[in-house]
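S.K.: sharing a model that was predicted from the sequence below.
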Amino acid sequence: MGQSQETPRGGPEPYYGRAAEAGGADGPPAAVRVRGLWKRFGEQAAVAGIDLDLPSGRFIGLVGPNGAGKTTTLSMVTGLLRPDDGLVWIGGRDVWKDPVAVKSRIGVLPEGLRLFERLSGRELLAYTGRLRGLPGEEVDKRAAQLMDVLDLTAARHKLVVDYSTGMRKKVGLAAALLHNPEVLFLDEPFEGVDPVSAQVIRGVLERYTASGGTVVFSSHVMELVESLCDWVAVMAAGRIVAHGPLAEVRGAAPTLQDAFLSLVGARRSGAGDGLDWLGGSTR
Ligand SMILES: Nc1ncnc2c1ncn2[C@@H]1O[C@H](COP(=O)(O)OP(=O)(O)OP(=O)(O)O)[C@@H](O)[C@H]1O
């Protein structure tokens, strides 16, 4: 299991191309390379100098308790939030020096996704596709196929404002996939999604990784991460506390949940201590 090492502040390394491969000299190239990434909000370090190499073509889970820094990390990695310090490369390009090139290669489903509410789902995808520079015919074809696979065809003319939570996630995912990105970043993609829609989303993502795409997604749901991901990074208090292939991070623990609880130092018992007023016996 890889343990995080901090890069000295102010001295992040450049991207070394194939020499920087995540899996070693013979492994696949790193899809995402992070060095010395920091973000502070006032006195608090939300992300405290993380280094990470995410291998390409994998289904990668970023897990951690509430407030661990997952959303802040994903926002900095995808060019949505400027880091205080550190560097990020995607496909060998510096996210903050070469944002247009990087953004053409990635798809992002951010937390609290904001959509153009007064467009229909179909119009939203047409608009997104044209913004991405795809020819109109190609946009129409891909949008129709994505809506079909994601079970949105019947709702294609409905305004996005009238979409349910799951439908919003699905149309957001379609928008993120439309230009066939190399790396897809998803912040809590299954939150608020019913099991049927979750299964549909899962099928699309599995197909995407099977054809060489890289998925990086954050989640609290360990069973989901364990069943979907082949590589995980565990965050706690702004740091990466473990990363690597799922089996290595899980180690001898019976489940990823058990490994996670011991890695993040969670309290297993005594959760109700001090709440002796709670319940019917004292009423
Ligand atoms: N804009 C902000 N201003 C101030 N503090 C922030 C801001 N964004 C995040 N934080 C703080 O940074 C820390 C990390 O937050 P972040 O949202 O990245 O965690 P997370 O791992 O995504 O949590 P969750 O699983 O609950 O979504 C938290 O303590 C949070 O309160």
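M.R.: Yep, it's here.
S.K.: interface residues of the stretch 151-283 of the chain facing the ligand?
M.R.: residue 220 (C-beta under 6 Å from any ligand atom). No exception for glycine: its C-beta is placed from N, CA and C like everyone else's.
S.K.: now do the helices in the stretch 151-283 of the chain.
M.R.: 165-177, 195-210, 222-228, 246-250, 256-263 (DSSP state H, counting those that start in this stretch).
S.K.: list of residues touching the longest one?
M.R.: So the one you mean is helix 195-210. For helix 195-210, contacts defined as C-beta atoms under 8 Å, 6 or more residues apart in numbering pick out 57-59, 149-151, 166-167, 169-170, 173, 177, 184, 186, 189-190, 193, 215, 228.
S.K.: 6 Å instead, please
M.R.: If you take C-beta atoms under 6 Å, 6 or more residues apart in numbering as the criterion, helix 195-210 is touched by 59, 149-151, 166, 190, 215.
S.K.: now swap in the shortest one and tell me
M.R.: The set of residues that contact helix 246-250 without belonging to it, under C-beta under 6 Å, 6+ apart, is 1, 229-230, 232, 242, 256, 259.
S.K.: what's the closest of those to the ligand?
M.R.: residue 232 (14.3 Å; C-beta to the nearest ligand atom).
S.K.: quick one, what contacts that closest one?
M.R.: 61, 246, 249.
S.K.: what does residue 219 give?
M.R.: Residue 219 neighbours (C-beta under 6 Å, 6+ apart): residue 225.
S.K.: thinking again about what came up before, of the contacts of helix 195-210, which pair is most distant in space?
M.R.: 59 and 151 (21.6 Å; C-beta to C-beta).
S.K.: neighbour count added to the contacts of residue 232, as CSV?
M.R.: Below are those laid out as CSV (neighbours: other C-beta atoms under 10 Å):
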residue, neighbour count
61, 25
246, 20
249, 24
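S.K.: just the closest of these to the ligand, please.
M.R.: residue 61 (12.8 Å).
S.K.: dump the residue contacts of residue 169.
M.R.: Here residue 169 is in contact with residue 193 (C-beta under 6 Å, 6+ apart).
S.K.: from residue 97, how far off is it?
M.R.: 31 Å (C-beta to C-beta, to the nearest Å).
S.K.: quick one: pLDDT of residue 270?
M.R.: The model reports residue 270 with a pLDDT of 55.
S.K.: equivalent analysis for residue 278, please.
M.R.: 83.
S.K.: okay, now it: neighbour count?
M.R.: 9 (other C-beta atoms under 10 Å).
S.K.: same check, this time on residue 30
M.R.: Neighbours around residue 30, by other C-beta under 10 Å: 25.
S.K.: neighbouring contacts of stretch 119-131?
M.R.: Contacts for stretch 119-131 (C-beta under 6 Å, 6+ apart): 116, 139, 143, 152, 155-157, 159-160, 171, 174-175, 178.
S.K.: go again with 7 Å.
M.R.: 115-116, 139, 142-143, 147, 152, 155-160, 163, 171, 174-175, 178 (C-beta atoms under 7 Å, 6 or more residues apart in numbering).
S.K.: before we move on, what about stretch 102-115?
M.R.: With C-beta under 7 Å, 6+ apart as the criterion, stretch 102-115 contacts 71, 78-80, 90-91, 93, 95, 124, 160, 168, 172-173, 176-177, 181-189.
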